[in-house]
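Visitor: Starting from these lines, generate the structure:
(2 chains)
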Amino acid sequence: ETGVTQSPTHLIKTRGQQVTLRCSSQSGHNTVSWYQQALGQGPQFIFQYYREEENGRGNFPPRFSGLQFPNYSSELNVNALELDDSALYLCASSLLSRGDTEAFFGQGTRLTVV
Amino acid sequence: LAKTTQPISMDSYEGQEVNITCSHNNIATNDYITWYQQFPSQGPRFIIQGYKTKVTNEVASLFIPADRKSSTLSLPRVSLSDTAVYYCLVGDQFRGSQGNLIFGKGTKLSVKP
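Guide: A predicted model of the protein is given here:
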């Protein structure tokens, strides 16, 4: 158990719809990152939030957006879903500090777009 | 951020020691080396992290030569439950604007009885 929980665990959406995924960070962590993992691939960085502000973004279009709340929980929103958005979405929380790359991942949300 | 290269897959038998080597020729001075383990349909799990020489914890050992251009994750006496994908990551989460972890495809370790 990492203390990071994601909801829902599974989700099926239709192309063109919007989806919101949620993540509760581990207590004491100030940073949350979101990753997309396609089948057979490593996780790909979407963006990171540090103290409620975006701290970095990967190569994902603007229809991928996020929020971090004062209690450090977070949301990932995806608009205008495409079939290629089908993947495992992972949330990772950490305490941002120099040189420390230990992040604690949730179990992920499996999104299927049909 | 430094790119890493590791074998796509490895096979082993229960009770054997497994060594997975990762190359990271462009590692920067501030970069740490971190290994994660991932089981199917679960998030990656931190195994071990090091900067130089040798680090050991209850799960694994990490060997880093003086030039730091490679590292070796050593799993002693593997069991069937060690079957997973192992990722080698290099970076400094604090440095730069991305603040992200860069995962490659990892090494798929299969442990057989």
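Visitor: how many neighbours does residue A:82 have?
Guide: Residues near residue A:82, counting by other CB atoms under 10 Å in any protein chain shown, number 12. All C-beta spots, glycine's among them, are computed from the backbone N, C-alpha and C.
Visitor: now the strands for chain B?
Guide: Assignment of strands within chain B using DSSP state E yields the ranges B:9-13, B:18-23, B:32-38, B:45-50, B:53-56, B:61-64, B:70-75, B:84-91, B:107-112.
Visitor: ok, now which ones touch the closest residue to residue A:90 other than its chain neighbours?
Guide: Closest residue to residue A:90 apart from its sequence neighbours, by CB to CB, 6 or more residues apart in numbering or on different chains: residue A:35 at 4.3 Å. With contact taken as CB atoms under 8 Å, 6 or more residues apart in numbering or on different chains, residue A:35 is in contact with A:43-46, A:89-92, B:101, B:103.
Visitor: switch to 7 Å and redo it
Guide: Listed by CB atoms under 7 Å, 6 or more residues apart in numbering or on different chains, the contact set of residue A:35 reads A:43-46, A:90, A:92.
Visitor: from those residues, which two are the most distant?
Guide: A:44 and A:92 (12.5 Å; CB to CB).
Visitor: picking that back up, what subset of the contacts of residue A:35 is buried?
Guide: Neighbour-count burial (16 or more other CB atoms under 10 Å in any protein chain shown) is assigned, among the contacts of residue A:35, to A:43-46, A:90, A:92.
Visitor: Reformat those as CSV; add distance to residue B:51.
Guide: Formatted as CSV, the buried ones among the contacts of residue A:35 follow (distance: CB to CB, whole Å):
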residue, distance to residue B:51
A:43, 23
A:44, 26
A:45, 22
A:46, 28
A:90, 26
A:92, 21
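Visitor: Nearest to residue B:89, out of these: which one, please.
Guide: The nearest member of the buried ones among the contacts of residue A:35 to residue B:89, counting by CB to CB, is residue A:43 at 10.2 Å.
Visitor: Just say helix, strand or coil for the nearest residue to that closest one once chain neighbours are set aside.
Guide: Spatial nearest neighbour of residue A:43, chain neighbours left out: residue A:35 (3.7 Å); criterion: CB to CB, 6+ apart. Secondary structure state of residue A:35, per DSSP: H, G, I helix; E, B strand; the rest coil, is strand.
Visitor: Would you confirm that residue B:16 contacts residue B:76?
Guide: No. Assessed by CB atoms under 7 Å, residue B:16 is found out of contact with residue B:76, at 9.1 Å.
Visitor: returning to that earlier point: to residue A:27, which of the strands of chain B lies closest?
Guide: For these, proximity to residue A:27 was assessed by CB to CB; strand B:45-50 is nearest, at 16.8 Å.
Visitor: For the closest one, give me every contacting residue.
Guide: By CB under 7 Å, 6+ apart, the residues outside strand B:45-50 that reach it are A:101-102, A:105, B:32-38, B:55, B:57, B:59-60, B:62, B:64.
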